[in-house]
Structures are given as C-alpha cells and as structure tokens.
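[1] no sequence on hand, only this structure:
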C-alpha cells in the first residue's frame, strides 16, 4: 500500500495516528516505506474510541502549511467519517485501505461535513502483486 502511494507520487503530509498499537504500527510501516520521516507521525489519543465529530476537530486543528493529512484510525468511525466528509454513505474500509478525499478549502479550520470529494480508493485486493 505504501509502495503504491510512493510510486504514484501522492502528495503526503503528516500522519495522524490513534494511539492503538495497530494504528501506530501501520503508520510507522508507511513511514518506513519512505513516504515521510518518523517524526511526522503524530499521535492523537482522541482518535481511539471516538466519534466523527472528534475526527473533524482534529483535522481542523492541523497546520495549514500541509496540503495533505493521513489519518490512521479505527472502524467503524473512520468509515463513517469518510462518508460524512463526502456527504454520502461512505466506503466500508478494511484494514490498511486508503481512501483519498479532496477537500476544497484553503484552511483546515474550514473543513466541514459534506464538502469532500472522494477520489481513489486503494485496497489490497485492487493492488494485486504490486
């Protein structure tokens, strides 16, 4: 998954990870693949057992110097959150799935539900032997 993002030259900003071991481990695997440095993996304890509103608050608190943010978190909340961002039913993510959502705002503080545009959905099944 991380290799695919690197090959496709996705713009990668800081990682925000839940403090759960599986989320941190996944973020670090993506980091070690050369997408970002490990000091750009930021832990957000509030992502664990929280709500889409908490995810939204965390996004709104991010620095505007970054055009891209990756969130490593948990189902069902992360799937629900992606749906709310895009104003639809969302996509039921599996472990390690990546959902690209374009958010047409200049400042992270302006992010709100219903404005996201879902782009590519990247999952293990679609990548095959990459």
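    Right, received. Where do you want to start? The model shown is predicted, which means the values in this text are computed figures rather than measured ones.

[2] how about the strands in the chain?
    With DSSP state E, the ranges of strands along the chain come out as 15-17, 41-43, 70-72, 98-102, 117-122.

[3] of the ones you listed, which is nearest residue 3?
    When the strands of the chain are compared by CB to CB, strand 117-122 sits nearest residue 3, at 11.0 Å. Every C-beta, even on glycine, is put in place using the N, C-alpha and C of the backbone.

[4] hey, which of the strands of the chain is tucked in deepest?
    Neighbour counts (mean count of other CB atoms under 10 Å) averaged over each of the strands of the chain peak at strand 15-17, with a mean of 25.

[5] output the contacting helices and strands for it.
    helix 21-32, strand 41-43, strand 70-72 (3 or more CB pairs under 8 Å, 6 or more residues apart in numbering; DSSP states H and E).

[6] show me what the second one is packed against.
    For strand 41-43, the helices and strands in contact under the criterion 3+ CB pairs under 8 Å, 6+ apart are strand 15-17, helix 21-32.

[7] now do 10 Å
    When contacts are defined as 3 or more CB pairs under 10 Å, 6 or more residues apart in numbering; DSSP states H and E, strand 41-43 sits against strand 15-17, helix 21-32, strand 70-72.

[8] what's the answer for the longest one, then?
    Contact partners of helix 21-32 among helices and strands, from 3+ CB pairs under 10 Å, 6+ apart: helix 2-7, strand 15-17, strand 41-43, strand 70-72.

[9] this completes my enquiry, with thanks.
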